[in-house]
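[1] quick one: sequence plus predicted model below, questions after.
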Amino acid sequence: MMRTQVIVAGLMVVLTVPAAAQRGAVNDAAEVQRLQDSAYLVERDLTALSQRDARRGEQLQGRLEELREEIVYLKVKQRKEGSVQRREYSDVRDRLEVLRAEARTPTRSTASRSMTNTAAPAPTFLEVPVGTEMDVRLTNNLDSGTAMVEDRFEGTTIEDLRVDGRVAIPSGSVVRGVVTAVDQATRTNRTARMTLSFDQVTVNGQAHPIRGTLTEAIEGSGIKGEVGRLGVGAGAGAAIGGLLGGVKGALMGVAIGGAGTLAATEGKEVKVPQGSVLRVRLDSPVQMNAAR
């Protein structure tokens with residue numbers, strides 16, 4: 001019954017979209033890229049669902065794979081023709097929203113347990129604990145050949161970060177990073193290196209200091225829709241590999257070591273393109289205002 005209600009709610013969202021928004025063409029590649037981001041978030045929710053209900057997770061995974069193929073089609077079509085029909089884009093977007101709603105629906109046993117719990121007053125502040133990870137889409141290009149120590153760069157979070165069910169860091173929050181060390185590739189030093197750290201997140205116009213370390217860097221999808229890892233820190237690859245469905249990295253020659261250091265392995269500069277998703281681990285607790 002609960003699952004049916006979620007599906008109906010998702011369909012109502014689709015039906016209430018103004019007709020004018022369904023017409024016309026999508027010319028901005030960033031809009032199609034947002035479909036890829038949504039598919040990535042659905043994959044994360046399905047991974048969590050599979051731990052509770054493997055059968056249900058497998059059923060929904062099949063639908064996600066079909067949607068991924070349609071996203072690839074739209075990306076290729078836009079690249080070749082310059083645009084895609086708004087109705088094609090909207091159809092995939094809305095189906096992703098419905099699928100994610102289903103993936104996040106609690107199982108009956110989980111819902112029953114939640115109903116028996118006594119509601120407690122919501123705290124004014126939320127503390128994001130040490131070890132929490134968040135995914136940040138890079139808004140700059142990073143290149144060890146041109147970067148300098150203390151260069152700043154930014155990215156935006158692509159999903160709400162929740163603590164005890166409440167939003168601590170909303171999606172779209174700006175995360176600031178800094179280049180803390182860089183070694184360019186030379187004739188005598190063929191191993192270029194670049195170390196990144198993160199020192200600030202801005203939520204609702206208020207800046208909060210953080211200490212964050214890079215653990216993963218995921219390249220923006222290519223023409224085949226594949227998402228590849230730039231590098232993997234020790235013990236960190238299994239989780240992200242599972243989230244991406246085991247897809248192997250398309251960009252070779254870069255590895256991530258401890259302390260957020262990217263190292264080239266083929267005598268070239270370390271390059272992290274705009275649009276890459278950086279996974280950031282918090283190395284100190286952060287106290288945030290709880291979202292209302």
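    In hand now; what should we look at? Residues are numbered from 1 along each chain as shown.
[2] low-confidence ranges in the chain?
    1-23, 106-124, 220-254, 290-292 (pLDDT under 70).
[3] again, only this time at 50
    Along the chain, segments meeting pLDDT under 50 span 8, 11, 13-22, 111, 221-229, 231-251, 292.
[4] buried ones in the lengthiest strand in it?
    With secondary structure taken from DSSP state E, the chain has its longest strand at strand 206-218. Under the neighbour-count criterion of 16 or more other C-beta atoms under 10 Å, strand 206-218 has 210, 212-218 buried. Every C-beta, even on glycine, is put in place using the N, C-alpha and C of the backbone.
[5] can you show me the helices along this structure?
    Taking DSSP state H, the helices of the chain run over residues 2-15, 19-22, 29-52, 54-81, 86-103, 108-116, 237-243.
[6] buried residues, the third one. List them.
    Neighbour-count burial for helix 29-52, counted by 16+ other C-beta under 10 Å, picks out 32-33, 35-47, 49-50.
[7] by how many degrees do that helix and helix 54-81 diverge?
    Per axes from the mean of the first three to the mean of the last three C-alpha atoms, to 10 degrees, the angle that helix 29-52 makes with helix 54-81 is 170 degrees.
[8] could you export helix 29-52 as PDB, keeping only the C-alpha atoms?
    In PDB, the C-alpha atoms belonging to helix 29-52 read as follows (Å, rounded to 0.1, in the frame of the first residue of the first chain):
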ATOM      1  CA  ALA A  29      24.100  20.200 -21.900                       C
ATOM      2  CA  ALA A  30      24.000  20.800 -18.100                       C
ATOM      3  CA  GLU A  31      20.400  19.800 -18.000                       C
ATOM      4  CA  VAL A  32      21.100  16.400 -19.500                       C
ATOM      5  CA  GLN A  33      24.100  16.100 -17.200                       C
ATOM      6  CA  ARG A  34      21.600  16.500 -14.300                       C
ATOM      7  CA  LEU A  35      19.900  13.400 -15.400                       C
ATOM      8  CA  GLN A  36      23.200  11.600 -15.000                       C
ATOM      9  CA  ASP A  37      23.500  13.000 -11.500                       C
ATOM     10  CA  SER A  38      20.000  11.800 -10.700                       C
ATOM     11  CA  ALA A  39      20.800   8.300 -11.900                       C
ATOM     12  CA  TYR A  40      23.900   8.300  -9.700                       C
ATOM     13  CA  LEU A  41      21.800   9.200  -6.600                       C
ATOM     14  CA  VAL A  42      19.200   6.600  -7.500                       C
ATOM     15  CA  GLU A  43      22.000   4.000  -7.600                       C
ATOM     16  CA  ARG A  44      23.100   5.000  -4.100                       C
ATOM     17  CA  ASP A  45      19.500   4.600  -2.800                       C
ATOM     18  CA  LEU A  46      19.200   1.200  -4.500                       C
ATOM     19  CA  THR A  47      22.500   0.100  -2.900                       C
ATOM     20  CA  ALA A  48      21.000   0.900   0.500                       C
ATOM     21  CA  LEU A  49      17.700  -0.800  -0.400                       C
ATOM     22  CA  SER A  50      19.400  -4.000  -1.500                       C
ATOM     23  CA  GLN A  51      20.800  -4.400   2.000                       C
ATOM     24  CA  ARG A  52      17.300  -4.400   3.300                       C
END
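[9] which other helices and strands does that helix contact?
    Other elements packing on helix 29-52 under the criterion 3 or more C-beta pairs under 8 Å, 6 or more residues apart in numbering; DSSP states H and E are helix 54-81, helix 86-103, helix 237-243.
[10] adjacent strands (with direction) for the longest strand of the chain?
    strand 193-203 (antiparallel), strand 229-232 (antiparallel), strand 277-282 (antiparallel) (DSSP bridges).
[11] what comes up buried for the first one?
    Spelled out, that is strand 193-203. 193-198, 200-201, 203.
[12] which one of these is nearest to V286?
    V201 (7.4 Å; C-beta to C-beta).
[13] ok, now which ones touch the closest one?
    157, 169, 173-176, 207-208, 210, 286 (C-beta atoms under 8 Å, 6 or more residues apart in numbering).
[14] what bridges to it?
    Residues in beta-bridge contact with V201 (DSSP bridges): V175, H208.
[15] R137 now?
    Under the criterion used (DSSP bridges), R137 bridges to T156, V277.
[16] please look at it and E159 and confirm they touch.
    No - between R137 and E159 there is no contact under C-beta atoms under 8 Å: 10.2 Å.
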